[in-house]
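Chemist: Fold the following.
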Amino acid sequence: MTNTREPGDARAQILSAAARLMAAHGFDGTSLQDIADAVGVSKPAVLHHYPSKEHIRAAVLQSILEHWREALPRLLLAASSGEGRFDAVFTELQRFFGESPDRARMLVREGLDRPDEFRKLLRGTVRPWLGAVTEYVRTGNSLGRQHDDLDAEAYVIIALQMVVFTNALGPVVSAAIDAGPEGRERYHREVARIARSALFARPPKAPSGQ
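Modeler: Residues are numbered from 1 along each chain as shown. Purely as a prediction, here's the structure:
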């Protein structure tokens, strides 16, 4: 049977299947044949697009990180200042990992299974846009919008961790609140509230009667 897939479609399907399988079984627990079977093609067809399983893994991670290298500067420029900008960035972060939790699970697995390699990847790929977000946080801090004792860089890392881990584990742990969609919505809404409250300082309330 003739394969009618466009090259771009085939590569996207390979990466999607690889992310799902590697998120569930890890890099070592996923074979090229597993990926080929999931896509519905032969192993040589997979190797036609990616010369090795390692190349597939790198492409999956790059596709996740590349999204943020492109999206964050646009979001930071387009959104309004203060909490409006926070909401734009945090909502996009939640949406990106929420629409495909395998992306979050893949990052968690890489961090646990291949920490040295993953550390190098983060330093080379994440640092530039992380610096842009951190600078925004520091600017807000200098204008008095945020907590005086805020460590901007550490805050950004912790906020990212919150989103990644809550999306990787959310379908499981949110069941403790409610087994249905409402429980997941409450869970993610509270994550956003915690991140917002940790960042923005609130003016003290005036005593009643004043």
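Chemist: Longest helix in this protein, please.
Modeler: If you go by DSSP state H, the chain has its longest helix at helix 115-142.
Chemist: pLDDT (mean, whole number) over that one?
Modeler: Per-residue pLDDT values across helix 115-142 average out to 78.
Chemist: you'd agree Asn141 is up against Ala152?
Modeler: Yes - assessed by Cβ atoms under 8 Å, Asn141 is found in contact with Ala152 at 6.4 Å. For glycine as for every other residue, the C-beta is placed from the backbone atoms N, C-alpha and C.
Chemist: Give the buried residues for the helix or strand that the longest helix of the chain is followed by.
Modeler: Scanning forward in sequence from helix 115-142 by DSSP states H and E, the next helix or strand is helix 152-173. Buried residues in helix 152-173, counted by 16 or more other Cβ atoms under 10 Å: 152, 155-156, 159-160, 162-168, 170.
Chemist: Next up, the contacts around Ala198.
Modeler: His147, Tyr155, Ile158, Ala159 (Cβ atoms under 8 Å, 6 or more residues apart in numbering).
Chemist: related to what we said a few turns ago, quick one, the longest helix of the chain and helix 152-173 angle?
Modeler: 120 degrees (axes from the mean of the first three to the mean of the last three Cα atoms, to 10 degrees).
Chemist: Can you tell me what sits against stretch 170-190?
Modeler: Gln94, Gly98, Pro101, Thr166.
Chemist: please redo it, this time with the cut-off set to 7 Å
Modeler: Gln94, Pro101, Thr166 (Cβ atoms under 7 Å, 6 or more residues apart in numbering).
Chemist: what number of residues lie near Phe27?
Modeler: Counted with other Cβ atoms under 10 Å, residues neighbouring Phe27 total 19.
Chemist: Spit out the contact partners of it.
Modeler: Here Phe27 is in contact with Arg57, Asp113 (Cβ under 7 Å, 6+ apart).
Chemist: and it, how far is that from Ala152?
Modeler: Using Cβ to Cβ, to the nearest Å, we find Phe27 at a distance of 33 Å from Ala152.
Chemist: ok now stretch 52-65, how far from the chain's centre?
Modeler: Its chain's C-alpha centre and that of stretch 52-65 lie 15 Å apart, by Cα atoms, centre = their mean, to the nearest Å.
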